[in-house]
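Trainee: Sequence and computational prediction follow.
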Amino acid sequence: MPTSDPIYYVEKVEIEADEENEEFEEITYDEDLSDSDADEDLETALRSMQQTLQTEIGVQEPIDIPKAVVSRRPEVVDDFIRNFLIRYKMTRTLDAFQREWYEFQTRGGAENDPELVPDCYVQNEDLENKVKFLHKEIEKMKRAVNKAGTQYIKMKKERDFHRMHHRRIVQEKEKLFTDIRRLKKHYESYEPALEELKNKYETAMREKMLTKIECEKNMSRINNLTTTLTNYENVRASAAESATLKDLDLEVIVQQQEKTDKTSHPKDSLIPVECGSNPNANASLPVTCHLTKSGGYRVVESFKAHDLAVSNLALHPFRDVIATVSDDTTWKIWSVPEGELLLTGRGHTMWIGDCDFHPDGTKLATGSGDTSVKVWDFSEGECVHTFNDHSHPVWGVAWHHSGNFLASSSMDNTSKLFDLASERCRCTFRGHSDSVNSLTFLPYSNVLCTCSADKTISLWDIRTGLCAQTFYGHINAINNVNFNTQGTSIASCDAYGVVKIWDVRQIMEIGCYDFEPHPANSVRFDTSGSCLAVASNDGNIKMLEVEKGQVTELSGHEDGVQGALFNKNGEMLISASSDCTVKVWS
């Protein structure tokens, strides 16, 4: 009840005996209870109870006393009636109610729990709280409904937008598919045209290269003719006289040779009787920049030349153009240092072991594992000669300086000399007891040098087909042999990495260099003859200074180097490797 209302107490009354003289049981009073018990406060009582419990249980742990919880509860019916009668001062009615209520309880009418009178204020407060809570929930639900409605409208608009966007994407997709199909058909129609343009481009590049070669040849001829005319004017009388005598002598020698050659062919070319003069014998030739430049050669260009290992390469006699041959049965022509592909040739059925440019630069000779030697003409764009005289794979090919003869070496232990005019084998050089791995001509001469797996190097006279000299010294199979530009020295390398330099005039070894245990695959002098490049199977190129004997290495290939050569002025070194690449060093 509210605190502002007055507090009412029930009056103390004495119950008188009713008319029926009912006897009441007297309640005895315990006199032992002292007044001091009433004076105990709550804390003392709790402490006493706790001590008693601890004594009985024997545990000295503190007991947690639960806190009292005050709750409001409705009044009992009889108390409500008494309070109501007292409030309005209805004493006689109150006396009658208490008397009758006591009698009612005495008869056992109040055994059940008395009914409770609900407190209207509490109920009203609860109802008001419920109403407020429901109003809040209603407001919350209204806001949620409004928000959901807004979100629904937004999602509906987004759905419509995405549906429209999806339809547009589907239309664009169908359009793109249609365009792709149309372009595919259009591209297929261009395939023949592209192939034709490619062939035309290759033809144009070939013609361009040939035109440049012809221009360079013509310029060289013009310069030579100018020099010849100048000399002719200075010594006209004496030169004419000596020329006449020389022509007579040559005619006599040729007649003698024709008489002795009983197996000659009408189209056979004449082998020069006298060796031509070597223009580089006493000339001042440029030294490779590896010796003059600080730091030596560095890789300036690298390109993949073939699908399989590159077995060898050759340099064009007039231009910075190289030919490469490979185990993939093809040969290719490249411009250096750009690495631009100019020509590709196919025709061999097995790997190609070696190649060499014709002295005028218009043809290329190749030797293959299919036992054939082929001559390719750039102007005609096809193979013009095929020689199948060898019975085993061909390892090397080399042109004579006249351009009329082609020599080859083979695994059948022989070397052969082919005549391009009569398209036949003019001579077979027999003498090696094992595979002839490489060969080369002494510059501007009729001397052919061969090296073999029988560990020897032989010099042959192509006019007679006889061996003029043999060099001994290697203890392993010789892989490659090469002359210097002056024609005074021979370099050779074997399968155990030993490189030897021989003096042609003294017929003796003048240098030996050991790069074991990896095989040396190729040796090549620079133009001046002062530096030797050794292609090693360990992936490096050994640069040997001939005079000092100092060796430096060029590293860059990932597999064995099969060939290396210098260009004419010594500014570049080109190498080919089993890693399918060609590298240009400068």
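Mentor: Here it is on my side, so go on.
Trainee: Could I get the full set of strands for the stretch 201-350 of the chain?
Mentor: Here the stretch 201-350 of the chain has its strands, by DSSP state E, counting those that start in this stretch, at 299-304, 310-315, 321-326, 330-335, 340-346.
Trainee: do the stretch 51-200 of the chain as well
Mentor: Taking DSSP E, counting those that start in this stretch, the strands of the stretch 51-200 of the chain run over residues 75-76, 116-117.
Trainee: Least confident of those strands, on average?
Mentor: Sorting those by mean pLDDT places strand 116-117 lowest, at a mean of 60.
Trainee: on that earlier part again, mind checking the strands of the stretch 201-350 of the chain for the one nearest to Thr150?
Mentor: Using Cβ to Cβ as the measure, strand 299-304 is the one of these that comes nearest Thr150, at 65.9 Å. C-beta: built from backbone N, CA, C; applies to glycine.
Trainee: For that closest one, which helices and strands make contact with it?
Mentor: Strand 299-304 sits against strand 581-585, with contacts defined as 3 or more Cβ pairs under 8 Å, 6 or more residues apart in numbering; DSSP states H and E.
Trainee: rerun that using 10 Å as the cut-off
Mentor: If contacts are counted by 3 or more Cβ pairs under 10 Å, 6 or more residues apart in numbering; DSSP states H and E, strand 299-304 sits against strand 573-577, strand 581-585.
Trainee: Return the most buried member of those.
Mentor: Greatest average neighbour count among the helices and strands packed on strand 299-304 goes to strand 573-577 (a mean of 27), per mean count of other Cβ atoms under 10 Å.
Trainee: Please export the C-alpha coordinates of that one as CSV.
Mentor: Extracted in CSV, the C-alpha atoms of strand 573-577 (Å, rounded to 0.1, in the frame of the first residue of the first chain):
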residue,chain,number,x,y,z
LEU,A,573,82.1,-14.4,-81.3
ILE,A,574,79.2,-16.6,-82.1
SER,A,575,78.6,-19.9,-80.3
ALA,A,576,76.1,-22.8,-80.7
SER,A,577,75.2,-25.2,-78.0
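Trainee: From the chain's centroid, how far away is that strand?
Mentor: How far strand 573-577 lies from its chain's middle: 23 Å, per Cα atoms, centre = their mean, to the nearest Å.
Trainee: who does it pair up with?
Mentor: Strand 573-577 has these partner strands in its sheet, going by DSSP bridges: strand 561-566 (antiparallel), strand 581-585 (antiparallel).
Trainee: what's the angle between the first one and strand 310-315?
Mentor: Read it as strand 561-566. Here the directions of strand 561-566 and strand 310-315 differ by 10 degrees (axes from the mean of the first three to the mean of the last three Cα atoms, to 10 degrees).
Trainee: and what of the shortest one?
Mentor: Relative orientation of strand 581-585 versus strand 310-315 (the same axes, to 10 degrees): 40 degrees.
Trainee: and strand 581-585, how far from the chain's centre?
Mentor: Put simply, strand 581-585 sits 20 Å off its chain's centre (Cα atoms, centre = their mean).
Trainee: and it, C-alpha only, in CSV?
Mentor: Only the C-alpha atoms of strand 581-585 are listed here, as CSV (Å, rounded to 0.1, in the frame of the first residue of the first chain):
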residue,chain,number,x,y,z
THR,A,581,70.5,-21.7,-78.4
VAL,A,582,73.0,-19.5,-80.3
LYS,A,583,74.7,-16.7,-78.4
VAL,A,584,76.4,-13.6,-79.7
TRP,A,585,79.4,-12.3,-77.7
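Trainee: Let me see the mean pLDDT of it.
Mentor: Rounded mean pLDDT across strand 581-585 is 94.
Trainee: Just want the angle from that strand to strand 321-326.
Mentor: 150 degrees.
Trainee: pLDDT below threshold where in the stretch 401-550 of the chain?
Mentor: The stretch 401-550 of the chain contains no residues with pLDDT under 70.
Trainee: Mind jotting down where the strands sit in it?
Mentor: So, for the stretch 401-550 of the chain - with DSSP E, counting those that start in this stretch - the strands run 405-410, 414-419, 424-430, 436-441, 447-452, 456-461, 466-472, 478-483, 489-494, 498-503, 508-514, 520-525, 531-536, 540-545.
Trainee: Dump those into JSON lines; add distance to Val299 and mean neighbour count as well.
Mentor: Putting the strands of the stretch 401-550 of the chain into JSON lines (distance: least, Cβ to Cβ, whole Å; neighbours: other Cβ atoms under 10 Å) gives the following:
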{"stretch": "strand 405-410", "distance to Val299": "32", "mean neighbour count": "26"}
{"stretch": "strand 414-419", "distance to Val299": "36", "mean neighbour count": "23"}
{"stretch": "strand 424-430", "distance to Val299": "39", "mean neighbour count": "18"}
{"stretch": "strand 436-441", "distance to Val299": "27", "mean neighbour count": "25"}
{"stretch": "strand 447-452", "distance to Val299": "30", "mean neighbour count": "25"}
{"stretch": "strand 456-461", "distance to Val299": "33", "mean neighbour count": "20"}
{"stretch": "strand 466-472", "distance to Val299": "35", "mean neighbour count": "14"}
{"stretch": "strand 478-483", "distance to Val299": "23", "mean neighbour count": "24"}
{"stretch": "strand 489-494", "distance to Val299": "23", "mean neighbour count": "25"}
{"stretch": "strand 498-503", "distance to Val299": "23", "mean neighbour count": "20"}
{"stretch": "strand 508-514", "distance to Val299": "24", "mean neighbour count": "14"}
{"stretch": "strand 520-525", "distance to Val299": "18", "mean neighbour count": "25"}
{"stretch": "strand 531-536", "distance to Val299": "14", "mean neighbour count": "26"}
{"stretch": "strand 540-545", "distance to Val299": "11", "mean neighbour count": "21"}
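Trainee: With distance to Gly345 as added columns, please give those strands in JSON lines.
Mentor: Listed next are the strands of the stretch 401-550 of the chain as JSON lines, based on distance: least, Cβ to Cβ, whole Å:
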{"stretch": "strand 405-410", "distance to Gly345": "16"}
{"stretch": "strand 414-419", "distance to Gly345": "19"}
{"stretch": "strand 424-430", "distance to Gly345": "23"}
{"stretch": "strand 436-441", "distance to Gly345": "22"}
{"stretch": "strand 447-452", "distance to Gly345": "26"}
{"stretch": "strand 456-461", "distance to Gly345": "29"}
{"stretch": "strand 466-472", "distance to Gly345": "34"}
{"stretch": "strand 478-483", "distance to Gly345": "23"}
{"stretch": "strand 489-494", "distance to Gly345": "28"}
{"stretch": "strand 498-503", "distance to Gly345": "32"}
{"stretch": "strand 508-514", "distance to Gly345": "36"}
{"stretch": "strand 520-525", "distance to Gly345": "22"}
{"stretch": "strand 531-536", "distance to Gly345": "23"}
{"stretch": "strand 540-545", "distance to Gly345": "27"}
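Trainee: Does Met572 touch Glu338 like I think?
Mentor: No. With contacts counted by Cβ atoms under 10 Å, Met572 stays clear of Glu338, the gap being 11.7 Å.
Trainee: So between those two, which is more surrounded?
Mentor: Neighbours per residue (other Cβ atoms under 10 Å) separate Met572 from Glu338, with Met572 holding more: 22 against 11.
Trainee: For that one, give its distance to Ser536.
Mentor: Distance, Met572 to Ser536, using Cβ to Cβ, to the nearest Å: 19 Å.
Trainee: Report the inter-axis angle for the lengthiest helix in the chain versus strand 330-335.
Mentor: In the chain, with assignment by DSSP state H, the single longest helix is helix 120-234. Calculated by the same axes, to 10 degrees, helix 120-234 forms an angle of 80 degrees with strand 330-335.
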